[in-house]
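> just coords:
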């Protein structure tokens, strides 16, 4: 089995991981129902994707019960850091500043979000 830290999840796999990160564990049926709320997804497609994710080491599976229950093996934070790092390198020429400028220029941040960003900037200036 390939170690998960070197695997970049596909967009469909990320959608499944988001559900599992929120629930900690879920059946294929539950994941399928959640996916169906926002897009057309066949049950067998969801099942196959989750089986592939298990083989890749992205999710684990408890098959001690009649129904298989899947859970995330990779953390949300680690995945976000890896994907963000690749995005900064590939899309923004390695410049986190460019990423922030584009993100804030294209998205209206709430006062709470701006306060959180300001706290982060203040902490970064201290170090």
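Nice, I can see it. Fair warning: this is a prediction, and the values are worked out from it, not measured in the lab.
> please count neighbours and contacts with C-alpha atoms only from this point.
Will do.
> list the contacts of residue 24.
71-72 (CA atoms under 8 Å, 6 or more residues apart in numbering).
> ditto for residue 71
Residue 71 touches 20-21, 24-26, 59-61, counting by CA under 8 Å, 6+ apart.
> that one in helix, strand or coil?
Here residue 71 is recorded as strand under DSSP: H, G, I helix; E, B strand; the rest coil.
> could you flag which of the contacts of residue 71 are buried?
20-21, 25-26, 59-61 (16 or more other CA atoms under 10 Å).
> any chance of those residues in CSV with distance to residue 125 and pLDDT as columns?
What follows is these, written out as CSV (distance: CA to CA, whole Å; pLDDT from 0 to 100):
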residue, distance to residue 125, pLDDT
20, 36, 97
21, 32, 97
25, 39, 95
26, 42, 96
59, 38, 96
60, 40, 96
61, 44, 95
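> who touches stretch 11-18?
So stretch 11-18 is contacted by 31, 35, 49-50, 53, 72, 76 (CA under 8 Å, 6+ apart).
> take the residues you listed and keep only those in strands.
Counting by DSSP state E, these place residue 72 in strands.
> ok, of the contacts of stretch 11-18, which come out buried?
Neighbour-count burial (16+ other CA under 10 Å) applied to the contacts of stretch 11-18 gives 31, 35, 49-50, 53, 72.
> alright, that wraps it up for me.
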